[in-house]
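A.B. asks: have a look at this prediction, sequence included:
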Amino acid sequence: MRLYLLLAILLLPQLLVAQTTPQRVDILIRNGRLYDGTGNTWTLGDVAVRAGRIVAVGQLPASYPADTVLDARGLAVAPGFIDVHTHIEDDEVRQPTADNFLYDGVTTVVTGNCGSSRPNLRRYFRELDSLHLSVNVASLVGQGTVRKAVMGRTQRQPSEAELQRMEALTGSAMRDGAVGLSSGLIYIPGTYTRTPELVRLARVAGRYHGLYATHMRNESDSVRQAIQEALLIGREARLPVQISHLKLGGQQNWGHTDELLNLIEAARQQGQPVTIDQYPYTASSTSLSTLLPDDVQADGRDSLRARLARPIVRREVEQFLAHRLKRKGLKHFSYAVVASFPPEPSYNGRSIEEINQLRHRPHNVRAEAATILDLVLQYDAGMVFHGMSETDVQNIMRYPQNMVASDASIRVWQEGVPHPRGYGSNARVLGYYVRELRVITLEEAIRRMTSLPAQTFGFTNRGLLRPGFAADIVVFDPAVVADKSTFAQPHQYSVGMRYVLVNGRLTVREGQHTGQRAGQVLYGPGKE
């Protein structure tokens with residue numbers, strides 16, 4: 001008996017060490033300023049990562065064993081940023097490393113926005129699994145995509161049988177893992193869709209605990225009515241509403257963003273879940289054809305060509321474009337700049353006004369309208385439209401339920417002259433609006449990029465620095481972080497992101513992409 005007691009006494013220190021010594025981890029981030037994603041102020045501490053998960057957060061022992069130790073002294077350590085509004089379809093294959101997003105601190109993207117998604121999400125998710133992207137991907141199901149599958153681009157209301165088919169497709173997509181339904185109500189065929197039809201499909205998404213994300217019917221003269229429609233759809237369908245890239249376009253509307261935010265906040269005060277997102281720039285970007293009347297674009301490009309071949313129709317459309325410009329108080333289409341026009345790459349980066357002059361046409365609105373139609377008939381150019389107020393951008397940014405979003409694709413290096421938001425949205429907020437202008441605090445900006453989007457889209461194990469959560473982590477220098485991309489020279493990566501982890505894999509190290517492709521598909525709660 002005494003022998004056993006003696007052995008127990010001799011082994012007790014070793015037993016205590018075995019119980020208190022933590023298991024070895026893959027990566028240990030040391031001495032960082034930890035911004036946990038909640039909006040609380042930072043604390044000094046460490047983060048331990050093992051097998052793709054955060055296993056410890058706080059002041060960890062000096063002897064904590066790790067394969068890789070990252071020194072974060074003087075740096076901010078935060079959850080990986082979640083970009084809730086992207087359009088990566090077709091660019092995943094061309095650029096699976098998603099460099100533009102990683103250098104901007106983004107570890108998760110939500111695609112399928114503005115009513116346009118892959119028609120078969122189950123197949124799409126399988127493709128993503130085989131591609132092994134460097135970022136995580138979630139997708140909405142596009143209302144426009146669903147409508148096209150049933151009705152094409154026709155301009156009419158659906159029959160009950162067609163509505164039921166659309167409901168079935170929406171339900172199937174939600175069971176495949178979509179996080180909600182998106183609409184793009186300035187695009188064909190979304191523009192032909194009436195509110196009750198949207199309610200029917202949104203109700204299906206709501207049954208699977210998804211949300212309704214909308215590129216509203218109008219973002220300028222009739223934006224208030226558009227917000228009211230979005231809120232109505234959410235109430236009738238009983239699901240959360242996410243208003244995409246809230247803005248107020250057109251000089252005639254500048255200075256009225258408080259009215260829009262008051263509408264949204266009033267709905268929230270009444271118990272309706274509503275959030276918004278925003279890209280931090282005074283220019284938008286979409287296709288050139290959005291300038292044209294809806295009617296003339298019905299039934300596809302062949303029908304568009306046939307209509308514009310009729311002189312009387314073409315004159316009416318040119319007059320429509322001229323009147324649209326006059327409402328903005330402008331004399332030329334200098335605000336409309338080509339981002340991508342494959343038939344004539346020399347047009348990239350030039351305004352419609354400049355292209356019209358290159359074509360040796362009269363320097364007037366009517367000739368510029370004719371140039372727009374000629375370009376649309378040749379190819380639907382990607383455009384950048386300068387039309388917002390910096391004061392309005394900052395005012396919207398102050399709204400607490402607003403998330404940062406790029407509204408961008410995976411950028412292919414040196415291709416076209418795209419909007420800089422695809423390279424620098426998060427870094428621009430952190431560098432320009434937080435550090436320089438102090439529009440919002442660093443803690444609040446990080447919350448908008450992390451826990452708020454995770455909560456909104458149902459990513460239950462991301463968006464916070466918390467044990468058990470996925471190890472999506474960004475380590476950046478608050479004094480250095482900045483966007484470098486400009487409208488004139490957009491192909492420039494953001495700076496200041498020292499380390500980026502995606503699912504525990506070190507994907508950016510010392511500001512350089514390591515080639516790791518550890519992204520995963522993130523499924524919605526309706527996934528079977």
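C.D. replies: Thanks, I have the structure now. Numbering: from 1, shown residues only.
A.B. asks: switch to C-alpha atoms for all contacts and neighbour counts from now on
C.D. replies: OK.
A.B. asks: might you report the residue contacts of L430?
C.D. replies: 442, 445, 478, 481-482 (Cα atoms under 8 Å, 6 or more residues apart in numbering).
A.B. asks: ok, those vs R30, which is closest?
C.D. replies: Taking Cα to Cα as the measure, R30 lies nearest P478 of the contacts of L430, at 16.7 Å.
A.B. asks: wait, the closest one touches G431, no?
C.D. replies: Yes - the criterion here is Cα atoms under 8 Å, and P478 meets it with G431 at 7.3 Å.
A.B. asks: the more surrounded of those two?
C.D. replies: Comparing P478 with G431 by other Cα atoms under 10 Å, the one with more neighbours is G431, at 23 against 18.
A.B. asks: tell me if the more buried one really is in a strand.
C.D. replies: No - in this structure, G431 is helix, not part of a strand, as judged by DSSP: H, G, I helix; E, B strand; the rest coil.
A.B. asks: for F385, which non-adjacent residue is spatially closest?
C.D. replies: Distance criterion Cα to Cα, 6 or more residues apart in numbering; nearest residue to F385, sequence neighbours excluded, is A336 at 4.7 Å.
A.B. asks: if we can go back for a sec, tabulate the contacts of L430 in CSV, adding columns for pLDDT, secondary structure and distance to L211.
C.D. replies: Shown next, in CSV, are the contacts of L430 (pLDDT from 0 to 100; DSSP: H, G, I helix; E, B strand; the rest coil; distance: Cα to Cα, whole Å):
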residue, pLDDT, secondary structure, distance to L211
L442, 98, helix, 28
A445, 98, helix, 23
P478, 98, coil, 33
V481, 98, coil, 32
A482, 98, strand, 32
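A.B. asks: show me what contacts the residue nearest to F385?
C.D. replies: A336 touches 351-352, 383-386, counting by Cα under 8 Å, 6+ apart.
A.B. asks: centroid residue for this protein?
C.D. replies: H85 (1.9 Å; Cα atoms, centre = their mean).
A.B. asks: identify the single longest strand in the chain, thanks.
C.D. replies: strand 25-34 (DSSP state E).
A.B. asks: any idea of the mean pLDDT for that strand?
C.D. replies: Strand 25-34 shows an average pLDDT of 98 in the prediction.
A.B. asks: pull the CA atoms of it into PDB?
C.D. replies: Taking Å, rounded to 0.1, in the frame of the first residue of the first chain, the C-alpha atoms of strand 25-34 are listed here in PDB:
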ATOM      1  CA  VAL A  25      -2.100  23.400 -32.500                       C
ATOM      2  CA  ASP A  26      -1.400  24.100 -36.100                       C
ATOM      3  CA  ILE A  27      -1.200  27.900 -35.900                       C
ATOM      4  CA  LEU A  28      -0.800  30.200 -33.000                       C
ATOM      5  CA  ILE A  29      -1.400  33.900 -33.500                       C
ATOM      6  CA  ARG A  30       0.500  35.800 -30.800                       C
ATOM      7  CA  ASN A  31       0.100  39.200 -29.100                       C
ATOM      8  CA  GLY A  32      -2.500  40.600 -31.400                       C
ATOM      9  CA  ARG A  33      -5.200  43.200 -30.800                       C
ATOM     10  CA  LEU A  34      -8.200  40.900 -30.900                       C
END
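A.B. asks: which strands and helices sit next to it?
C.D. replies: Judged by 3 or more Cα pairs under 8 Å, 6 or more residues apart in numbering; DSSP states H and E, strand 25-34 is in contact with strand 43-50, strand 66-71, strand 76-79.
A.B. asks: using CSV, write down the CA coordinates of the last one.
C.D. replies: Looking back up the chat, that one is strand 76-79. Output in CSV follows, covering the C-alpha atoms of strand 76-79 (Å, rounded to 0.1, in the frame of the first residue of the first chain):
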residue,chain,number,x,y,z
ALA,A,76,-5.5,43.8,-35.6
VAL,A,77,-6.7,40.2,-35.5
ALA,A,78,-10.3,39.8,-36.6
PRO,A,79,-12.7,37.2,-38.0
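A.B. asks: now do P22, the pLDDT please.
C.D. replies: pLDDT, read off for P22, is 85.
A.B. asks: which SS state does it fall under?
C.D. replies: At P22 the chain is in coil, as set by three-state DSSP.
A.B. asks: E197 too?
C.D. replies: Secondary structure state of E197, per three-state DSSP, is helix.
A.B. asks: count residues in the vicinity of it, would you?
C.D. replies: There are 16 residues near E197, going by other Cα under 10 Å.
A.B. asks: for it, what are its contacts?
C.D. replies: By Cα under 8 Å, 6+ apart, the residues touching E197 are L163.
A.B. asks: repeat that for the one 5 residues further on.
C.D. replies: With contact taken as Cα under 8 Å, 6+ apart, A202 is in contact with 181, 211-212, 233-234, 237, 239.
A.B. asks: tell me the one of the contacts of A336 nearest Q297?
C.D. replies: The nearest member of the contacts of A336 to Q297, counting by Cα to Cα, is M383 at 17.8 Å.
A.B. asks: before we move on, the earlier item: okay, the contacts of A336 in JSON lines with distance to A266, neighbour count and secondary structure next?
C.D. replies: Output for those, formatted as JSON lines (distance: Cα to Cα, whole Å; neighbours: other Cα atoms under 10 Å; DSSP: H, G, I helix; E, B strand; the rest coil):
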{"residue": "S351", "distance to A266": "40", "neighbour count": "21", "secondary structure": "strand"}
{"residue": "I352", "distance to A266": "40", "neighbour count": "23", "secondary structure": "helix"}
{"residue": "M383", "distance to A266": "34", "neighbour count": "28", "secondary structure": "strand"}
{"residue": "V384", "distance to A266": "32", "neighbour count": "26", "secondary structure": "strand"}
{"residue": "F385", "distance to A266": "30", "neighbour count": "23", "secondary structure": "strand"}
{"residue": "H386", "distance to A266": "30", "neighbour count": "17", "secondary structure": "strand"}
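A.B. asks: I appreciate the help and will end here.
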